[in-house]
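Trainee: Give me a model of this one.
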Amino acid sequence: MSAVIEIEGLRKTFHSMRSGRRVAVDGFDLLVEEGQVHGFLGPNGSGKTTTLRALLGLVRADSGRMTVLGEPSPELLTRVAGQVGAIVESPQFFGNFTGYRTLRLLARAGGVPVSRVDEVLELVGLHDRGDDRVRGYSLGMKQRLAVASALLKDPRLLILDEPANGLDPAGIREMRDLMRSLAASGVTVLVSSHILGEIQLICDHVTIISRGRRVATGRVDEVLAGHDRHEFLVRVAEPERAVELLHAAELTAVVDGGALVVGGVSDPTVVSRVLGEQGLWVGELTPLRPDLESVFLELTGAYEHPSVPRQVDDSSLPQGETVIDLDRGVDA
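Mentor: All right, here's what the predicted structure looks like:
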């Protein structure tokens, strides 16, 4: 598979009079290959949005190498900008414009046929609300409109920063289905989200960032398997006695809420045999598999170390920072 996004050694620091020098991204690496739905995860202030902004030329990196669709970024990003759709942070629209007019203006500015507007409104479930003014849209509808704007160019690469923000459960499911259908059609998707259950359902690969550094990357199932402690939930009539028997058999076991958690078990039939031989019959024997949320909390320290100071706010930019708009060029 060919690389759609490559980041090597990305580093970005911010400076302010109040807090001084703060490292937002510290030698970060990312590889997204063609056809992937790749989840990009990290706590608030971990460097996710700074990374995406640097990749798209919206903030100047201190060092590192980046490519998008094979072109160095941001130096030659304009060569492939027409094949990239992106939402980074909360999008802003003119409230007096209708959704249809908003997308029509963006289509004309980007050289996209206006007929594409109806197609993307249908894709994101806003076709029936396209003639309503944006100021009357809910947060979730505005998010759908933002996704529609990113899809206007029929991109090969779609970068979505918190696309499910403000969506209700039905909307989240529709967004999941949309990303799956885009991936099936050949679009590569890089998605950042705090809804880890959705990432686990949608994505085939994941990269986790913490304090500006990569702490995990790979296929979702492989990342989860790497944190599998081979634990089982066991229910028996006499849990305290069962613990003693399992300890005698050199197995780890603790009582947890009336049940047992037995760890380090490669063959669960051993548990049934040890207890059954002593007349304790197992009523339940359930594997406790790690999910993406538990792995995320373990890797980022968000659970064990909630008081650790966060990295610099991704949304902050120093005065005078150069901003590059993919369609308009360079603005001071």
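Trainee: wait, isn't V124 in contact with D177?
Mentor: No: under the criterion of C-beta atoms under 8 Å, V124 makes no contact with D177, lying 11.1 Å away. To be clear about C-beta, it is placed using only N, CA and C from the backbone, and glycine gets the same treatment.
Trainee: Of the two, which one has the most company?
Mentor: Neighbour totals were compared for V124 and D177, and V124 leads with 23 against 11 (other C-beta atoms under 10 Å).
Trainee: got the contact list for the more buried one?
Mentor: By C-beta atoms under 8 Å, 6 or more residues apart in numbering, the residues touching V124 are R144, L145, V147, A148, L151, E174, L178.
Trainee: Apply 6 Å and report the result again.
Mentor: With contacts defined as C-beta atoms under 6 Å, 6 or more residues apart in numbering, V124 is in contact with R144, V147, A148.
Trainee: Can you tell me the closest non-neighbouring residue to the first one?
Mentor: If the residues on either side of it in the chain are set aside, R144 comes closest to V124, at 4.2 Å by C-beta to C-beta, 6 or more residues apart in numbering.
Trainee: Could you tell me the phi and psi values at that neighbour?
Mentor: In terms of degrees, to the nearest 10, the main-chain angles of V124 are phi -100, psi 10.
Trainee: please begin residue numbering at 7 from this point
Mentor: I'll keep to 7 as the first residue from here, and by that count the last item is V130.
Trainee: bridging residues for the spatially most central residue of the chain?
Mentor: Geometric centre of the chain, nearest residue: S198, 2.9 Å, by C-alpha atoms, centre = their mean. Taking DSSP bridges as the rule, S198 bridges to F46, D167.
Trainee: residues in contact with the spatially closest residue to D32 that is not a sequence neighbour?
Mentor: Of all residues not flanking D32 in the chain, G218 sits nearest, at 3.8 Å (C-beta to C-beta, 6+ apart). Residues near G218 by C-beta under 6 Å, 6+ apart: V29, A30, V31, D32, G53, Q317.
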